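[1] got a predicted structure here, sequence first:
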Amino acid sequence: MTQFLSVSDITKVYKAANRQSVTALDDVSLDIDDGQIIALIGPSGCGKSTLLRMIAGLDDDYQGEITWATPPKPGRDIGFVFQEHALLPWRTVQRNVALGLEGKGADKASVTARVAELLAMVGLQDFANSYPSELSGGMRQRVAIVRALAYNPQILLMDEPFGALDAITRDRLQDDLLRIWEQTKKTIVLVTHSVEEAAYLADRVVVMSARPGRIRAIHDVPLPRERDQSTRELPEFAHFSNMLRGQLA
Ligand SMILES: Nc1ncnc2c1ncn2[C@@H]1O[C@H](COP(=O)(O)OP(=O)(O)OP(=O)(O)O)[C@@H](O)[C@H]1O
C-alpha cells in the first residue's frame, strides 16, 4: 500500500483576543495509506475536528507539515461530510447532489447520469425529486455522503457523520459506507465518538489524548475485511472495542 498523506509534527495554537491561547494539537504526526479507512477517536476537545479541517485545507494556520503524494486540487479533491447534513433545503435531492458538477463543463446528460448512479449506490433513486425536508435524517445523511463523492474526490473526510442518528439508522449507514468504500476504495478519515463505530469501519484507529491533543496510540484493527453485522458478534470485536474504551478513560 502506498503512502497517501503524511501529517508531520503538527502543532496548533488558537489565539483568542482577551483570553488565554489554547494549544489544540501538540506535535501530532500520522501517515495515511492510500485506500484506507482511518478513524480518529479521543475525548471531547482533543482536536479531532481541528485536525480534519487542516487536512481539508480549511485551516492553514499551524506549525508542521501536511504533505500529499498527489496534492489535491482546491475545492474538488476533498469531500467533506459533517454531522449535520448541510444540504440546501430549496434544492431537490437530485440538484443537491448535482451541485458543483453543474456549470463545470459537464453536459446535462452526464451530470444526470452521474447523480443517478450515486443515488442508486445508497438506494435513493426514487427520491431524486424530493426535497431534504421530505427525507428522514438517515436519508439526508446518505445524500450528503454521495454529494461529497460526486466530484470523485481523492479523500473523504467525515466529522461525526452519523452522530445525530438513532442507533439502528447509524448501523445501516455504517454498512452503506462500507459498501461505498468497497466500490470506490476511497481513502477515508472519520472522526467518531463511538469506539464500536471506529472498530467496525476502520483499518486503523488513531487514539488521541485530552487537550492538548496528542497521539496516544495507533492500532491496526484486528478484524477481517468484508465486515457485516456478524462482525459485531466476534469476540475480537468486543475485545478490541473494550481495549479502545480503556485507552480513552
Ligand atoms: N475557533 C476556535 N477558537 C479558539 N479555540 C478553538 C477554536 N476551535 C476549537 N478550539 C479549541 O480547540 C480545542 C480542540 O477543538 P476541536 O473542535 O478540534 O476538538 P474535538 O476533538 O473535535 O472536540 P469534539 O469531540 O467535542 O467535537 C478545544 O479546546 C476547543 O475549545
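    Right, received. Where do you want to start? A quick note: this is a predicted structure, and the numbers were derived from the prediction, not measured.
[2] what bits of this structure have low per-residue confidence?
    Across the chain, the ranges flagged by pLDDT under 70 are 1-2, 75, 85, 103-104.
[3] tell me what the longest helix anywhere in the chain is packed against?
    Across the chain, the longest stretch assigned as helix under DSSP state H is helix 167-184. For helix 167-184, the contact count by 3 or more CB pairs under 8 Å, 6 or more residues apart in numbering; DSSP states H and E identifies helix 108-121, helix 137-149, helix 195-201 as packing neighbours. Yep, even glycine has a C-beta here, placed from its N, CA and C like the rest.
[4] possible to save those helices as a markdown table with mean neighbour count and distance to the ligand?
    As requested, these are exported to a markdown table (neighbours: other CB atoms under 10 Å; distance: least, CB to the nearest ligand atom, whole Å):
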| stretch | mean neighbour count | distance to the ligand |
| --- | --- | --- |
| helix 108-121 | 16 | 28 |
| helix 137-149 | 23 | 17 |
| helix 195-201 | 24 | 13 |
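[5] for Leu99, find the nearest of these.
    Ranking these by proximity to Leu99 (CB to CB) places helix 137-149 first, at 6.7 Å.
[6] contacting residues around that closest one?
    Applying CB atoms under 8 Å, 6 or more residues apart in numbering, the external contacts of helix 137-149 come out as 79-82, 85-87, 93, 96-97, 99, 118-119, 121-124, 127, 132, 135, 156, 161-162, 164-166, 169-170, 172-173, 176-177, 180, 184, 186.
[7] relative to helix 167-184, how tilted is that helix?
    20 degrees (axes from the mean of the first three to the mean of the last three CA atoms, to 10 degrees).
[8] contact partners for Gln94?
    Gln94 neighbours (CB under 8 Å, 6+ apart): Thr112, Val115, Leu119, Ala128, Asn129.
[9] which residue ranges of this protein form strands?
    Applying DSSP state E to the chain gives strands spanning 3-14, 22-33, 37-41, 63-68, 78-81, 155-159, 187-191, 204-209, 214-220.
[10] now do the buried residues in the first one.
    Pointing back at strand 3-14 there. Using 16 or more other CB atoms under 10 Å as the test for burial, strand 3-14 gives Phe4, Leu5, Val7, Ile10, Lys12.
[11] does it reach the ligand?
    Yes: residues of strand 3-14 are located near the ligand by CB under 6 Å from any ligand atom, namely Tyr14.
[12] which elements pack onto that strand?
    Counting by 3+ CB pairs under 8 Å, 6+ apart, strand 3-14 packs on strand 22-33, helix 48-55, strand 63-68.
[13] how about JSON lines for the ones you listed, with distance to Glu236 and mean neighbour count added?
    Shown next, in JSON lines, are the helices and strands packed on strand 3-14 (distance: least, CB to CB, whole Å; neighbours: other CB atoms under 10 Å):
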{"stretch": "strand 22-33", "distance to Glu236": "22", "mean neighbour count": "18"}
{"stretch": "helix 48-55", "distance to Glu236": "25", "mean neighbour count": "22"}
{"stretch": "strand 63-68", "distance to Glu236": "33", "mean neighbour count": "13"}
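[14] beta-bridge partners for the residue most central in space within the chain, please?
    Centre of the chain computed as the mean C-alpha position; nearest residue by CA atoms, centre = their mean is Met158, 2.0 Å away. In this entry, Met158 is beta-bridged to Val81, Leu190, by DSSP bridges.
[15] for it, which residues are in contact?
    Met158 makes contact with Phe80, Val81, Ile188, Val189, Leu190, Val191, according to CB under 8 Å, 6+ apart.
[16] what's the angle between the longest helix of the chain and strand 187-191?
    Using the same axes, to 10 degrees: helix 167-184 against strand 187-191 is 160 degrees.
[17] quick one: distance of helix 167-184 to the chain centre.
    12 Å (CA atoms, centre = their mean, to the nearest Å).
[18] measure the residue nearest to Gln247 when sequence neighbours are not counted to Pro153 for me?
    Among residues not flanking Gln247 along the chain, Val207 sits closest, at 4.9 Å (CB to CB, 6 or more residues apart in numbering). For Val207, the distance to Pro153 (CB to CB, to the nearest Å) stands at 26 Å.
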